[in-house]
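In: Sequence first, predicted coordinates after that:
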Number of protein chains: 2
Amino acid sequence: MISERDRIVAAARGMVEAGGVDALSMRKLAAELDVAHTAIYWHVGSRDELIGAVIDAFLADLGDITPTGRTPRARMESVAREIRRQVVEHRALVALAMEQGRFPGMWFPAQVALAREVSAAGLKGAEAARAVTSLLYLAGAFVMLEAAFEEHAHEAHATVELWRGVEDPRIDRGLKTRMARGFDAASVFEDTLEAVLDWIMAKSEGD
Amino acid sequence: MISERDRIVAAARGMVEAGGVDALSMRKLAAELDVAHTAIYWHVGSRDELIGAVIDAFLADLGDITPTGRTPRARMESVAREIRRQVVEHRALVALAMEQGRFPGMWFPAQVALAREVSAAGLKGAEAARAVTSLLYLAGAFVMLEAAFEEHAHEAHATVELWRGVEDPRIDRGLKTRMARGFDAASVFEDTLEAVLDWIMAKSEGD
DNA sequence: ACCTGAACACCGTTCAAGT
DNA sequence: ACCTGAACACCGTTCAAGT
């Protein structure tokens, strides 16, 4: 049975997904649901509570992370990619959850999934914990940065423009022309992920 | 000569630094400056324009990045650390600049500084560009994630709580107890930075 | 139990009127 | 050239009054 509260939360979530939290107005929400704007308060208490409920619904929907691949390295990689994929798909909601400090619900399942694969790779104790947190931060952090980039893709070309004007003998010319061509976030993620996985595997072999 | 406009921008910047953009209200700002709230519009046009001016002032204040250390690796490391330091010191303003898509002003000087050191390390062309962007993303992304964490430090303990309840034979026990103790962002940054630098140096030696 | 309408305290912005 | 005050269209929230 879907309650009126559920309908309100679903509509609010739609507004957040479409335009970020700032687009969530109690009055517009009420208009969309064809009720007086004050009616909403009977169901959700306040705008902050409503935002909390939207995040709850989102976190509940977040699927489990199931690693794929045969080697521990491939499986760690798949978990990191899966985290990234989930987060990319729900940028607005993830940004909101982060803003609101909802880290446990957001990241704990991913942490556990990573912990299993890192254990399988043979890492233990503090070293294993550092591997887990590095991978977690990597996936989470890159996505937040990317979200900011994508929302302002039109301004990326300004950086490219600036690079065109650089004349510095200490900078490799090939590097300069590359920077002046721009780059895509996904491949930067892949590179950094490879680097961190190399580092982790080196540790696991060192034991 | 400091104009009335400068005074307004400075006061607005103070409000943003203290409480984020949401804390910047034209009416409160006017009250602080002891003028009618409508007077501000003569000098800055609109709230959005004012926010733009606040970011401009911040970016102009951002110091140059001067690498330290003798080996290329140490110098790249120092640049990454310096980016992080600058950003950590001005979390609210950096977050605002990112939100507004002001990437060029925010990151271009850092990119150039990194490009010099990566060139000095012997990397060239596309490979060098990937090294620069990895380091840049790393510093920028981690800081944004950290900013979110720090603002909600009280809730970090909830994750720690969750770890305590985990009973999974596939997860190393030492890893589990480590995760249940929490971790600090700075050392995660250091770890990941080492990993990326290892990866870069391996490439530079491969040539 | 659920909804409405009036009311209050906030916003950003415009504009005629003052000096 | 610079400031004020009234006015408008938006907010979130409370609460008495209705069914």
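Out: Good, I have the coordinates.
In: Up against DNA strand D, what does chain A have?
Out: By CB under 7 Å from any atom of the strand, the residues of chain A that approach DNA strand D are A:24-28, A:37-38, A:41, A:46-48. All C-beta atoms are positioned from the backbone trio N, CA, C, and that covers glycine.
In: And the residues you listed, which of them are buried?
Out: For those, a burial check counting by 16 or more other CB atoms under 10 Å in any protein chain shown picks out A:24, A:26, A:47.
In: tell me the contacts of the first one?
Out: When contacts are counted by CB atoms under 8 Å, 6 or more residues apart in numbering or on different chains, A:L24 touches A:12, A:15-16, A:47, A:50-51, A:54.
In: give me phi/psi at it?
Out: phi -90, psi 100 (degrees, to the nearest 10).
In: just the second one next, same as before
Out: Main-chain torsions, A:M26, degrees, to the nearest 10: phi -60, psi -40.
In: isn't it right up against A:E49?
Out: No: using CB atoms under 8 Å, A:M26 is not in contact with A:E49; the gap is 11.2 Å.
In: ok, back up a step: quick check: helices, which of the residues of chain A next to DNA strand D are part of them?
Out: Using DSSP state H, the members of the residues of chain A next to DNA strand D that fall within helices are A:26-28, A:41, A:47-48.
In: So of those, which two are at opposite extremes in space?
Out: A:K28 and A:D48 (16.8 Å; CB to CB).
In: mind listing what the residue in chain A sticking out farthest from the centre touches?
Out: Most distant residue from the mean C-alpha position of chain A: A:P169, 38.3 Å away (CA atoms, centre = their mean). With CB under 8 Å, 6+ apart as the criterion, no residue contacts A:P169.
In: Checking it next. Helix, strand or coil?
Out: Taking DSSP: H, G, I helix; E, B strand; the rest coil as the rule, one finds A:P169 in the coil state.
In: Now it: phi and psi?
Out: Phi and psi for A:P169, reported as degrees, to the nearest 10, are phi -60, psi -20.
In: For the residue positioned nearest the centre of chain A, which residues are in contact?
Out: In chain A, the centroid-proximal residue (CA atoms, centre = their mean) is A:V87; its distance is 3.6 Å. Residues in contact with A:V87 (CB under 8 Å, 6+ apart) are A:94, A:139-140, A:143.
In: what helix or strand does it sit in?
Out: Assigned by DSSP states H and E, A:V87 falls within helix A:72-89.
In: immediately after that helix, which helix or strand?
Out: Downstream of helix A:72-89, the next assigned helix or strand under DSSP H and E is helix A:91-99.
In: helices or strands up against that next one?
Out: In terms of contacts (3 or more CB pairs under 8 Å, 6 or more residues apart in numbering or on different chains; DSSP states H and E), helix A:91-99 is packed against helix A:4-19, helix A:47-61, helix A:103-120, helix A:125-151, helix B:125-151.
In: can you list the residues of chain A near DNA strand C?
Out: So chain A meets DNA strand C at A:4, A:35-36, A:38-39, A:42-43 (CB under 7 Å from any atom of the strand).
In: Now that we have the residues you listed, which of them are buried?
Out: Neighbour counting by 16+ other CB under 10 Å classes A:H43 among these as buried.
In: What's the local residue count around the closest residue to A:R130 other than its chain neighbours?
Out: In space, and not counting its chain neighbours, A:R130 is closest to B:D191: 5.2 Å by CB to CB, 6 or more residues apart in numbering or on different chains. For B:D191, the neighbour count with other CB atoms under 10 Å in any protein chain shown is 20.
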